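**Q** Starting from these lines, generate the structure:
(one chain, ligands or ions: 1)
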Amino acid sequence: MTTTAGGARGATPTGASAPPVLVDRVTRRFGDVTALDDVSLRVDAGEIVGLLGPNGAGKTTLLSLLSGLRRPDAGTVRLFGGDPRDPASRTRLGTTPQETGLPETLRVGEVVDFVAGHYATPMPRAEVLARFGLEDLAGRQTGGLSGGQRRRLAVALSLVGRPRLVLLDEPTTGLDVEARHVLWESLRDYHRDGATVIVTSHYLEEIEALAERVVVVGGGRVLADDRIDRVLDLVALRRVTLTLPGDATHARAALAALPGVHDVVDAVPASGGTRLTLLAADADAAVRALVASGLAFHALEVRGASLEEAFLALTARGATGAPASAPTTSVPTTSVPTTEVPR
Ligand SMILES: Nc1ncnc2c1ncn2[C@@H]1O[C@H](COP(=O)(O)OP(=O)(O)OP(=O)(O)O)[C@@H](O)[C@H]1O
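**A** Numbers count the residues shown, from 1 in each chain. As a prediction, this is how the structure comes out:
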């Protein structure tokens with residue numbers, strides 16, 4: 001597994017051996033802003049990769065280089081071994097940008113047919129619509145679609161040409177929970193058929209639901225590049241949740257001072273007390289000290305960090321150059337995909 005920058009270096013593979021994506025020491029500036037700073041990344045055929053990072057991290061810029069919309073200032077970008085600015089390199093590429101314009105008076109089925117007309121062996125209209133649950137909307141003018149329906153159509157259109165590589169920039173923005181799950185399942189299906197997928201998202205549940213590998217980007221640099229579980233291990237953050245009797249105001253300071261505890265945050269309220277979560281790098285040490293402290297507590301629960309917590313810790317490390325520190329934000333940990341990366 002590639003870890004951070006450097007994995008893409010060496011001789012550039014060409015022809016059939018070329019990976020779908022090879023980014024080698026790429027820098028891209030916009031005036032004074034360095035959107036990407038010496039980034040290297042290799043994505044092999046059949047991978048599904050999540051690009052995770054806060055606003056302005058450089059995710060969209062990276063996708064724009066891969067789809068040939070922009071040129072790097074330094075370094076090289078290869079798509080299936082070719083230059084992404086060469087249309088021939090993009091024949092196996094499907095993309096859904098953050099914002100898409102659809103011709104308002106065309107019907108959904110007509111738009112699919114229009115896009116299909118650009119490919120020699122497109123996916124049949126019925127299959128495109130079925131994969132994304134859009135069959136009932138085939139006759140609807142796109143101007144009459146809801147925001148979520150438009151988004152689903154936009155993602156569906158990226159697959160019409162049966163691309164081997166799909167780039168999706170925040171594909172489920174604006175979708176409700178059910179529509180989001182339908183779209184995830186469609187993308188997983190397409191990936192199972194052998195496609196390579198790169199997806200950016202602010203929805204951490206989305207990255208966890210879709211991606212096997214996560215590339216954390218912050219300040220234009222790759223902060224981490226590994227399997228999701230390993231990224232979580234990297235920061236080794238644990239959540240120790242417990243309930244204390246009463247309002248626990250005084251106990252907070254004592255809990256925060258326990259060895260291994262970075263922070264104390266409110267957990268989902270419990271009846272008959274105050275439920276708190278300790279964010280601890282060393283949960284064992286924290287629990288031992290907790291018991292020794294004599295504080296009355298019950299309903300103890302210890303579990304790993306969420307991807308969001310890992311991300312925040314990694315971003316903090318990337319921004320300061322210091323070791324990862326625990327986040328100070330209390331974050332929801334349910335599977336309801338409404339958690340956005342703080343800006
Ligand atoms: N055309 C542009 N002109 C000037 N600055 C730009 C341009 N495009 C991007 N930037 C800057 O480059 C940096 C990276 O932006 P980018 O859009 O790649 O981030 P991102 O991670 O995709 O953010 P978001 O999650 O908000 O989409 C930001 O500071 C942004 O303001």
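**Q** Can I get the biggest helix by length in the chain as CSV, trimmed to CA atoms?
**A** Secondary structure of the chain per DSSP state H: the longest helix is helix 177-192. Written as CSV, here are the backbone C-alpha positions of helix 177-192 (Å, rounded to 0.1, in the frame of the first residue of the first chain):
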residue,chain,number,x,y,z
VAL,A,177,-30.4,9.6,3.6
GLU,A,178,-32.3,7.1,1.5
ALA,A,179,-31.1,8.6,-1.8
ARG,A,180,-27.5,8.7,-0.5
HIS,A,181,-27.7,5.0,0.3
VAL,A,182,-29.1,4.1,-3.1
LEU,A,183,-26.3,6.0,-4.7
TRP,A,184,-23.6,4.4,-2.6
GLU,A,185,-25.0,1.0,-3.5
SER,A,186,-25.0,1.9,-7.2
LEU,A,187,-21.3,3.0,-6.9
ARG,A,188,-20.3,-0.1,-5.0
ASP,A,189,-22.0,-2.2,-7.7
TYR,A,190,-20.1,-0.4,-10.4
HIS,A,191,-16.9,-0.8,-8.5
ARG,A,192,-17.6,-4.5,-8.1
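**Q** From the contact counts, what lies against it?
**A** When contacts are defined as 3 or more Cβ pairs under 8 Å, 6 or more residues apart in numbering; DSSP states H and E, helix 177-192 packs onto helix 125-131, helix 147-158, strand 165-169, strand 196-201, helix 204-210. (Glycine included, C-beta is placed from N, CA and C.)
**Q** How about the residues of this structure by the ligand?
**A** 30, 33, 35, 53, 55, 56, 57, 58, 59, 60, 61 (Cβ under 6 Å from any ligand atom).
**Q** Would you double-check that the last one falls in a helix?
**A** Yes - secondary structure assignment places residue 61 in a helix (DSSP: H, G, I helix; E, B strand; the rest coil).
**Q** Name all residues that make contact with it.
**A** By Cβ atoms under 8 Å, 6 or more residues apart in numbering, the residues touching residue 61 are 28, 35, 36, 70.
**Q** Just give the closest residue to it, not the sequence neighbours.
**A** Counting by Cβ to Cβ, 6 or more residues apart in numbering, residue 35 is the residue found nearest to residue 61 once chain neighbours are left out, at 4.1 Å.
**Q** neighbours around that neighbour, how many?
**A** For residue 35, the neighbour count with other Cβ atoms under 10 Å is 22.
**Q** One more: residue 143?
**A** By other Cβ under 10 Å, the residues close to residue 143 number 12.
**Q** so how far is residue 249 from the residue of the chain most remote from its centre?
**A** Within the chain, the residue lying farthest from the chain centre (Cα atoms, centre = their mean) is residue 294, at 41.9 Å. Look at residue 294 and residue 249: by Cβ to Cβ, to the nearest Å, they are 17 Å apart.
**Q** got it, and residue 154?
**A** Computed as Cβ to Cβ, the residue 154 to residue 249 distance reads 50 Å.
**Q** what's the helix or strand for residue 111?
**A** Here residue 111 sits within helix 108-116, counting by DSSP states H and E.
**Q** Which neighbouring elements make contact with that helix?
**A** Counting by 3+ Cβ pairs under 8 Å, 6+ apart, the packing neighbours recorded for helix 108-116 are helix 125-131, helix 147-158.
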